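Asks: coordinates only, sequence not included:
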């Protein structure tokens, strides 16, 4: 009889290999704030002053000096900033310092929209929090964690704060305790992006552990890491295409070592599709070439 965990990994693998990108084609739309009356203004022409949006430059019927209550802003419209996906890709590929060079300016430029539905600030700020945590910068992690929580007051302390704390656990903390802290953040009552990041970093932790001398136990360690990576695109796909892509890239590494070439190729092809335009896609293409 097949072991339940093996069945789960098989299902996850089948799911990951068929994951499709969720992007849309077309020219980039500038980011704008849309008011409840339907009028809109580019965020580059607006400043936030406490609880008011003030026009700083003439734009499409708006004059400098005009102010509107922040609550009158209905949503943010426009395409995802070009720096966001590459920044997240660098973070997940183990380069948090380089990631922050893209993410920090993005957090600053989008901060005005932080409390407006549909903003891109939250994704950038949460990725920056993870990057600070991965860099061991406790102070910056706490600072941006408070900003994120202030921007989402309805849910209290943002769950990403807990993720940051789990990632900041000192090296003196046992691997088992760090693994449990991350696994506890992959529950149904938490947002998909928190679960996806937690499962990804849990995979990294498990992948980096010294392998047991017992071949059976070592195989189990590999299987646990593979499963953690596959959970990202299959159980928490809404966490984001770049997270899905890098998790597939990491999972493919294990499949190659296991001699499961066809499955590894399927994941790498999916990874390259999802992460188009980032360093992840370049790496996936290189690995695909090496498997030919």
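Replies: Sure, I can see it. Just so we're clear, the structure is a prediction, and the values are computed from it rather than from any experiment.
Asks: for residue 288, which non-adjacent residue is closest in space?
Replies: Distances taken as Cβ to Cβ, 6 or more residues apart in numbering put residue 268 closest to residue 288, at 4.8 Å, once the chain neighbours are dropped. C-beta: built from backbone N, CA, C; applies to glycine.
Asks: doesn't residue 291 make contact with the one you found?
Replies: Yes. Using Cβ atoms under 8 Å, residue 268 is in contact with residue 291, at 7.4 Å.
Asks: higher neighbour count, these two?
Replies: Applying other Cβ atoms under 10 Å to residue 268 and residue 291 shows that residue 268 carries more neighbours, namely 28 against 12.
Asks: which residues touch that one?
Replies: 248, 249, 252, 284, 287, 288, 291 (Cβ atoms under 8 Å, 6 or more residues apart in numbering).
Asks: chain center to the helix or strand hosting the fourth one: distance?
Replies: Here residue 284, judged by DSSP states H and E, is contained in helix 279-291. The gap between the average C-alpha position of helix 279-291 and the chain average comes to 20 Å, counting by Cα atoms, centre = their mean, to the nearest Å.
Asks: which strands and helices sit next to that helix?
Replies: helix 84-92, helix 241-257, helix 261-274 (3 or more Cβ pairs under 8 Å, 6 or more residues apart in numbering; DSSP states H and E).
Asks: pLDDT of it, averaged?
Replies: For helix 279-291, mean pLDDT is 94.
Asks: what do you get for stretch 45-54?
Replies: Per-residue pLDDT values over stretch 45-54 give a mean of 92.
Asks: that stretch: which residues count as buried?
Replies: Using 16 or more other Cβ atoms under 10 Å as the test for burial, stretch 45-54 gives 45, 46, 48, 53.
Asks: tell me the bridge partners for the nearest residue to the first one once chain neighbours are set aside.
Replies: What sits nearest to residue 45 in space, not counting adjacent residues and going by Cβ to Cβ, 6+ apart, is residue 59, at 4.1 Å. According to DSSP bridges, the residues that bridge with residue 59 are residue 62.
Asks: hang on, residue 59 packs against residue 43?
Replies: No. Residue 59 lies out of contact with residue 43 (Cβ under 8 Å); the separation is 10.3 Å.
Asks: settle it for me: which of these two has more neighbours?
Replies: Higher neighbour count among residue 59 and residue 43: residue 43, with 23 against 16, using other Cβ under 10 Å.
Asks: so that one sits against residue 32, correct?
Replies: Yes. Applying Cβ under 8 Å, one finds residue 43 in contact with residue 32, separated by 6.6 Å.
Asks: intersection of neighbour lists for these two?
Replies: Common contact partners of residue 43 and residue 32 (Cβ under 8 Å, 6+ apart): residue 76.
Asks: just to revisit the earlier point, in strands, which of the buried residues of stretch 45-54 appear?
Replies: Under the assignment DSSP state E, the buried residues of stretch 45-54 contribute 46, 48, 53 to strands.
Asks: distance to residue 138 added to those, as JSON lines?
Replies: Formatted as JSON lines, these follow (distance: Cβ to Cβ, whole Å):
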{"residue": "46", "distance to residue 138": "33"}
{"residue": "48", "distance to residue 138": "28"}
{"residue": "53", "distance to residue 138": "33"}
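Asks: surely residue 263 and residue 253 touch.
Replies: No. Judged on Cβ under 8 Å, residue 263 makes no contact with residue 253 at a distance of 11.9 Å.
Asks: pull the contacting residues for the nearest residue to residue 86 once chain neighbours are set aside.
Replies: Nearest-residue entry for residue 86: residue 278, 5.0 Å, with adjacent residues in sequence omitted and distances by Cβ to Cβ, 6+ apart. Shown in contact with residue 278 (Cβ under 8 Å, 6+ apart): 85, 86, 89, 242, 245.
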